[in-house]
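# Give me a model of this one.
(4 chains, ligands or ions: 4)
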Amino acid sequence: MTDAVHRLENGGRIDRTQRLSFHFDGETMHGHPGDTLASALLANGVRLVGRSFKYHRPRGLMAAGGEEPNGLVRLRQGGRAEPNVRATEIILYDGLVAESQNRWPSLNFDLGAVNDRLSPLFPAGFYYKTFMWPASLWPTYEAVIRRMAGLGKAAESADPDRYEKQYAHCDVLVVGAGPAGLAAAHWAGRTGARVILADEGAELGGALLGNGQRIDGRPGMNWAAGIGAELARAENVRLLPRTIVAGYYDHNALTLLERVADHLLQPDQGQPRQRLWQVRAKQVVLATGALERPLVLANNDRPGVMGAGAVQTYINRYGVRPGRRAVLFTNNDSAYPAAMDLAKAGVAVAAVVELRAQAPLRYLPELEQLGIELLVDRAVLSVTGRKSVTGVQIGKLNEAGDGVVAGLERRIDCDLLCLSGGWTPSLHLLSQSGAGLQWDAAQGCFLPGPGRAAASQAVRVAGAANGDFGLQDCLTLGAEAGNAAANDAGHRRRGRGPRKPAADDAAAPLPPRPIWSIPGPGRNGGNNSGSNGGKAFVDFQSDVTAADLRLAAREGYRSIEHVKRYTTTGMGTDQGRTSNINALGIVAQALDVPVPQVGHTTFRPPFSPVTFGALAGGQVGPLLDPVRRTPMHGWHLAAGAVFEPVGQWQRPYYYPKAGEDMAAAVDRESLAARTSVGLMDATTLGKIDIQGPDAAEFLNRIYTNGWKGLAVGGCRYGLMLGEDGMIFDDGVTARLGQGHFHMTTTTGNAGHVLDWLESWLQTEWPELVVYCTSVTEQWAVAALCGPNARRLLAELCPDLDLSPAAFPYMTWQTAALPGVAGGLEARIFRIGFTGELSFEINVPAGHGPTLWQALMAAGEKYAITPFGTEAMHVLRAEVGFIIVGQETDGTTTPEDLGLGRMVSGKKDFLGKRSLSRSDSMRQDRPALVGLLTDDPGLRVPEGAQLIAGTNPAPPQRGQGHVTSSYHSPNLGRTFALAMLEGGHGRHGEAIHIAYDGRAVPATVTAPRFLDPVLEAPERAK
Amino acid sequence: MLLISCPWCGDRSEEEFSCGGEAHIVRPVTPQDMDDQAWGDYVFMRRNEKGVHFERWRHGNGCGRWFNVARSTVTHEILAIYQVGDDRPEVPE
Amino acid sequence: MTGPRHQPLAHLALAAAREAPRPDAGVTLRALPYQPSIILRGESGDAAFVKAFRAGLGFDLPLAPNHVSSHDEITALWLGPSEWLILGDVGPVAPAGQGRLARALAGRHHAIISQGDGRQIIAVSGPRARDVLGKLCPLDLESPDLAPGHCARSILARCGILLHPQPGGAYHLHVARSFADYAWRVLAEAGLEFGVAIASGD
Amino acid sequence: MANYSIFALGRNALQRHRHWPRVWRSPKPRPSYDAIIVGGGGHGLATAYYLAKQHGMDNIAVLEKGWIGGGNTGRNTTIVRSNYLNPESAAIYDHALNLWQGLSQELNFNVMFSPRGVINLAHDHHEARELRRRIYANQLAGVDAEWVTPTQLRALCPILNLDPGMRYPILGGTLQRRGGVARHDAVAWGYARAADRLGVDIIQNCEVTGMTINDGRVEGVQTSQGEILAPRVGVVAAGHSSVLAAMAGLRLPLESHPLQALVSEPVKPIMPTVVMSNKVHAYMSQSDKGELVIGAGIDGYNSYAQRGSLPVIEETIRAIVELFPITSRLKMMRQWAGIVDVCPDASPIISATPVEGLFFNCGWGTGGFKATPGSGHLFAHTLAKGEAHPINAPFALERFYSGALVAEHGAAAVAH
Ligand SMILES: Cc1cc2nc3c(=O)[nH]c(=O)nc-3n(C[C@H](O)[C@H](O)[C@H](O)COP(=O)(O)OP(=O)(O)OC[C@H]3O[C@@H](n4cnc5c(N)ncnc54)[C@H](O)[C@@H]3O)c2cc1C
Ligand SMILES: NC(=O)c1ccc[n+]([C@@H]2O[C@H](COP(=O)([O-])OP(=O)(O)OC[C@H]3O[C@@H](n4cnc5c(N)ncnc54)[C@H](O)[C@@H]3O)[C@@H](O)[C@H]2O)c1
Ligand SMILES: Cc1cc2nc3c(=O)[nH]c(=O)nc-3n(C[C@H](O)[C@H](O)[C@H](O)COP(=O)(O)O)c2cc1C
Ligand SMILES: [Zn+2]
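Ligands and ions are numbered 1, 2, ... in the order given. All right, here's what the predicted structure looks like:
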């Protein structure tokens, strides 16, 4: 049922019985299950698949795998649109929609191609040398540059798909399921070790799927399928196809990107699109294979120039004939099997051009038999054609390979040029692990170096990745690596291992002749832009030519890192997978130093680009961060509260009644708390249970004030300083028993304070016998506040003497509340943050709502008013209580707040010494003051600056800033708190408050506008 | 992603821990007797070793314990794990 | 006696969401009802303390890290070398010293802190329970250190948990009360792929 | 003849770019110099340039252990702004910002400074209050700063998620219009080229391994290329400052941490400005080449490894996807780390030391790229005169003893 012109009648791993339709640039085409978008495009005769980054040159597919530099498309549409996807990695599905990129108005006719003509003006780094005059025009130039750059287009709307993470632990992680990896997993699996085998491909087999090699007399791909089936049955082995091992982090932690549903039109119900695995492996075997390099020669980027191995894969795996008439150009053995496969697939093979002085003898008989011409010691000097290859020019190079002995000896017509420039072992992951690489001059590539970065990076390399290019070596050494890895992870095989597979062709290939760039046919043999034979590309994706690299070297960018950044070589989405080695070679040549002296650039994760969605995982949107709510949250919600986020908590901000705005609601709430009774949910405050014989001594060291004298039943306010002397938290702590305290902290700091206490206890003062335990979650707290608070509470706990004498300010009691939840026992603290008569009632959290409702019900006759954080802030500011993090900012000492009396002179405590440094004792330090604007209706913004004169014009130095600013119904006007230089001595002074170009007159006052109600008799109603 | 062996819980992933910085900084017994220089040195100055760093870690999302770690700040290799209060162990550079 | 307690997950109306048994569900979530529990502090190395515990509750406090022991409805989970969670009713904590455990430990340095209201236990069961947890928790759930009889504190996505493996591949997850909603939601989301059933609370 | 311009480009194009001059020489070190700068990052190279240009010191050398710009200068997310809280900080960063504005012309090297505006988001009332405080402080200091509402944000950055239902909804933000980004490598190269033309020796692959100190005075340094003498040594070694301090027997109030960043694959412009968020901790801009440049946080432990751990990246990407939902299907192309020298008050140190002739410029931590020209300019003054310029006087080491810290945690909290 093949309807595509370039599809072979037989062969390959595609299912010709099913037809899939897909759309490329609006045109409908057909392929089969087993195809990639790339193979299907080729089958349909599509050659031109994209435009290059900088010059907008027409580009075609070069590779068959993840190293493809050119075939980047925009896949899918709308919120699912994904730019820069390699067509070679897109598994074809029915209904697939893809578009070419970086072209306008169309792929075939792209106006951007003018860049190619103007390219002499755009050598590497040209933008550093121009666009500077006039300076004012730079933004305009920049806008144009930005529009021209940037490959694909992002999605237009949010992504509808889900992503997930998965943690996994294993004994042996095998990366790559080619012959080496399969053998490794097979042998490791037989030991009973927990094995994970991951491969980016949809099918296991690696190179065997494409190269036609045979094992044990059968096609290699059949052997792979057999091993794969056995591994799939093993309980201790997890197979992860379609999974890229992306990053190798410390201590053998690796990330794997599994493309769970990318081969489907869209994910199934509940299915994540992709999953990011985080694997902690005891041992790692890298069997990641090797990548075939292109050869660098003039116009080597024309559509129809492909890798020899890729061409083999298209024929053998996908049943696609990638051209009609081919020339192969190679510096190593691997083009020969490709030539034969091409011939067998019915492609006319015009010639094999062998760069070496001698061709590998073992292939010659078959070559001859197929009638393929062999040109030894020759080179393809350049390629003709624009949107497709039309032919090649052949010549002979000198011995060094840097000049042409006989140029343009001959021209051969062809529409396909297969390049094989040698193999680059895939050592990205090894290098990421921190291990060093070592240059192998004979093979012309980097191989694993001796030693590894750290013992915990327990890693082995096997197969082509290790430079073992022969199939037998891959199989044998792969098995050994797998077995040894399992042993090192503590697993030993009982009994005999699996049968050892034998490759049909056991001979290892001969070494290549590394020539980093083929001299052009022109006069100077150079590869410069312009007339001299055309551009010779090194990095196809970043449009970097050999000439660019040489220019960089000439200009003095000698470090390979400078060359990379100046020319952008290796900086594209393929991170130079096929180009880095060629670039090194060319730079080494230009600098006239050996390659190892140039070194290589740093391999960084990810091996292949990883979707943001997968990195973000499932905890996004509403799950971005926990939302913490108090037990009474449901009540607040029903009461119409507006919430304020405080840390992760949601706290009622205010409770607007119908028709009320925030200001009105807050006024009403603050008024009620001072005139009758208000109720606030104070559950979120941090609470720490502190017990032990040394508890008081411990608090003495933590807080600035003394704790030993506090009676059981008493409460005390405390300030905590860092060792730098600056306030970092405050709160009231109650003495529950001789060696038992209940500490409260600010909501946002609860965790930090507990950590702080633990760190001192465990590391500095282990001799103190004290236990700290968080009880934040155990208690719900309702703060009752206002002149009627006592009367109301009395109704709920009739047996408790609430009189000031029996239950004075800053004490606590336990009491049963007979009417609440069947006699609930509560801890009641006579403390408060509003400066009003208050009781903070603590009950086990599960009873919080019951308590709250009981208070509301009993309070009805006093018009009890629930109030939120904003009214609470107003109330506390009226009496001059500070909020850590609002009045303080990490640079504030107790003295700055006028709380010097809380600093004990008798004992040492954390941070004390810092208070006597010269700067801490400066008289003009910012100090807490009150502010009353001349205009009582004007509420200045928080953060506004205090200035000396009346003119807010810059530049000038401010004298302080407004920390809190409110309207107070109790004062009948606005008021503010501020930190003002030397403020303690400036009460009564006139000052100006500056913001947004205004200067507002105000008077400095004491930071207290109402006196707190402590033991004073209850104010009359 | 470090794998840290908590002296109590065994091997656990970095995410469960927090690092408390340089270990063996002993809080002075009588800070009030120190001059500003000595106090500032204690509060702020750090060895910030390139090589073996002796540091404190806490298994916060685990057993809650603090312990000391000798770790290479170059390779991130953990060379020793020991109790708070113990002397610096001998470790290979 | 006190009245009914407000359940941390009450707002999810799980009772209403509860589904008829779904045999195809890969994972089942269940919010366990309130259980009394306390945090016990004391020193593992204090033989008298350890002995007193045994005398009071009739079984040994687990001293090995991350171990659990239990007896007669009371379960003790190791949280740290000086910290245990005791699940079950060991008598009131306040007024101090009245409960059965407190009486037994009287005179030994220790601390007993009420916890039951501060936490929620979510039971995760079903054939894919481990896979679901593996999406959220970095522990090696296949390790013998996490077989039943063990426990571990760790993290579940963005919140702290105490993981208590149960027989049959199920897990009890203890989370702080105000994180219960979050833990429930991330579990439900992670289970989507396998199908999630919500089981009744008891 | 050596000047860069469109004409030079055209002329050279005709000559197939064969005759461009070398950007800088690669000299062998002389036995002694009048001053040595240790560290060939942006700050060190700028210091050398201004020493030569403004203080007439041309017998000086920059010693770089690797390749110039290979430290944090080459790995930062390039955000440039000056809206810091304290007047001391605003002064130093704004001094730099003013120099940025003419830098390409001054150096005759296009550093692609792109003042496209920098936005800091507020996600709760506390943040909003702190940001407003910074705006008002900046207004007084003469640093441009304005509050932007969600509606304005939609216009400034259309891909920003302004859904009030998001976990931490965006309440507004600050905008510094003069802020932006620049081409980081070009800054190092531009200063190097300009300094070289003034006679400065830039010596790469020259690691300082020790200091020669006698009677409390510095006399030179030992290096991988031998001893080099100089009566004045300015150390500008960022993450390695403590290592160099140790060579002089000093300790600094610094910790070296990995700070990570990443880039997406290149896409057509979607991000016209720079957006930073403290609360969900992420910031993003788009380079002229098209990648989204994203900054993550520091790893929690000391390290000199220039590699970070994955959770930090994941946290950042979570925040990015939350703030910019259309980025979910974009891909991370590369991640990396730099080693930043974190100072307790999140402010830099430009200071003399107890060793005479030895000066340090460090502690820029996660945010010193923006300061490069100003830092170099002021450090040159300090080195040449032997005493601080008034702008950098507050940033001496002395503050850790007196307590006069310049706390910039709020303004610097997002690593940038
Ligand atoms: C990921 C990341 C993102 C950042 N983002 C921003 C941002 O958006 N905006 C911003 O303003 N800042 C940012 N920063 C901070 C900024 O990069 C630095 O503050 C700034 O670049 C420091 O410049 P430098 O010249 O002092 O240091 P570097 O560029 O690090 O230069 C120091 C040089 O000293 C050399 N050196 C060290 N030891 C020796 C020795 N013994 N001998 C010789 N040479 C030595 C090093 O090799 C290095 O080249 C970021 C940093 C990082 C890592
Ligand atoms: N003739 C030659 O010169 C020559 C050269 C090289 C290789 N070969 C042949 O190639 C084969 C090499 O076998 P092998 O097993 O070493 O390699 P392979 O190429 O067969 O398999 C490697 C596998 O690893 C996968 N992979 C690589 N990096 C990955 C990552 N980060 N994440 C997930 N998967 C990844 C690849 O997709 C591939 O499937 C042999 O058959 C060998 O003969 C021949
Ligand atoms: C602003 C900025 C943009 C970058 N853009 C790219 C890019 O487009 N492609 C790329 O491969 N790397 C890019 N990088 C990262 C560098 O390749 C490199 O990782 C970084 O400079 C750190 O160096 P190292 O990885 O060699 O240690 C960029 C770095 C920065 C600071
Ligand atoms: Zn532990």
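
# residue contacts, the closest residue to ligand 4 within the stretch 801-950 of chain A?
Evaluated by CB to the ion, the stretch 801-950 of chain A has A:L910 as its residue closest to ligand 4, separated by 25.8 Å. All C-beta atoms are positioned from the backbone trio N, CA, C, and that covers glycine. A:L910 makes contacts with A:R701, A:I702, A:M720, A:L721, A:G722, A:E723, A:W760, as judged by CB atoms under 8 Å, 6 or more residues apart in numbering or on different chains.

# residues from chain B in reach of chain D?
Where chain B comes near chain D, counting by CB under 8 Å from any CB of the partner chain, the residues are B:1-2, B:14-15, B:18-19, B:21-22, B:36-37, B:39-41, B:43-50, B:53, B:55, B:71, B:73-76.

# Note down every partner strand of whichever strand or helix holds B:G21 and its orientation.
Secondary structure assigned from DSSP states H and E places B:G21 in strand B:18-22. In the sheet containing strand B:18-22, its partner strands are strand B:52-58 (antiparallel), by DSSP bridges.

# Tell me if the strand it pairs with is near ligand 4.
No: using CB under 5 Å from the ion, we find that strand B:52-58 stays clear of ligand 4, coming within 9.0 Å at best.

# Within the sheet, what are the partner strands of whatever helix or strand comes next after that strand, with directions?
The helix or strand immediately downstream of strand B:52-58 is strand B:66-72, counting by DSSP H and E. Each strand paired with strand B:66-72, and its direction, by DSSP bridges: strand B:52-58 (antiparallel), strand B:78-82 (antiparallel).

# In JSON lines, list those strands along with mean neighbour count and mean pLDDT.
What follows is the strands paired with strand B:66-72, written out as JSON lines (neighbours: other CB atoms under 10 Å in any protein chain shown; pLDDT from 0 to 100):
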{"stretch": "strand B:52-58", "mean neighbour count": "22", "mean pLDDT": "98"}
{"stretch": "strand B:78-82", "mean neighbour count": "18", "mean pLDDT": "97"}
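
# Tell me where the stretch 51-200 of chain D has helices.
Along the stretch 51-200 of chain D, the stretches classed as helices by DSSP state H, counting those that start in this stretch are D:87-101, D:103-107, D:125-141, D:150-156, D:184-197.

# err, the stretch 201-350 of chain D, not the other one
With DSSP H, counting those that start in this stretch applied, the stretch 201-350 of chain D shows helices at D:241-247, D:310-323, listed in chain order.

# what residues does the first one touch?
Read it as helix D:241-247. With CB under 8 Å, 6+ apart as the test, helix D:241-247 has contacts from B:46-50, D:38, D:208-211, D:235, D:237, D:251-252, D:254, D:256, D:304, D:341, D:353, D:360, D:362-363.

# Give the residue spans of chain B that score low on pLDDT.
Flagging of chain B using pLDDT under 70 yields an empty set of residue ranges.

# domains for chain D, by residue range?
With domains defined by automatic domain parsing, chain D comprises D:32-76+D:185-254+D:345-402, D:99-182+D:255-342.

# Kindly compare burial across the helices of the stretch 51-200 of chain D and name the winner.
Per-stretch averages of neighbours, counted by mean count of other CB atoms under 10 Å in any protein chain shown, single out helix D:184-197 among those, with a mean of 27.

# counting contacts, what elements does that one pack onto?
In this structure, helix D:184-197 makes packing contacts with helix A:560-567, helix D:42-55, helix D:103-107, strand D:201-203, judged by 3 or more CB pairs under 8 Å, 6 or more residues apart in numbering or on different chains; DSSP states H and E.

# what about the first one, near chain D?
Yes: judged by CB under 8 Å from any CB, helix A:560-567 and chain D are in contact via A:E561, A:H562, A:R565, A:Y566.

# coming back round to it: could you dump the helices of the stretch 201-350 of chain D into a markdown table and include mean neighbour count and mean pLDDT?
Below are the helices of the stretch 201-350 of chain D laid out as a markdown table (neighbours: other CB under 10 Å; pLDDT from 0 to 100):
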| stretch | mean neighbour count | mean pLDDT |
| --- | --- | --- |
| helix D:241-247 | 22 | 98 |
| helix D:310-323 | 24 | 97 |
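
# what sits against D:R30?
Contacts here follow CB under 8 Å, 6+ apart; on that basis D:R30 touches D:A61, D:D201, D:I228.

# So the first one is in contact with D:D201, correct?
Yes: with contact defined as CB atoms under 8 Å, D:A61 and D:D201 form a contacting pair (4.1 Å).

# Rounded mean pLDDT for stretch A:536-546, please.
Per-residue pLDDT over stretch A:536-546 has a mean of 96.

# Quickly list the domain ranges of the chain.
No chain specified, so I'll use chain A. A:1-159, A:163-290+A:425-488, A:294-421, A:515-598+A:605-610, A:678-682+A:778-874, A:688-774, A:923-1019.

# could you do chain C instead?
Each structural domain of chain C that the record assigns through automatic domain parsing is listed here as a residue range: C:25-34+C:117-198, C:37-114.
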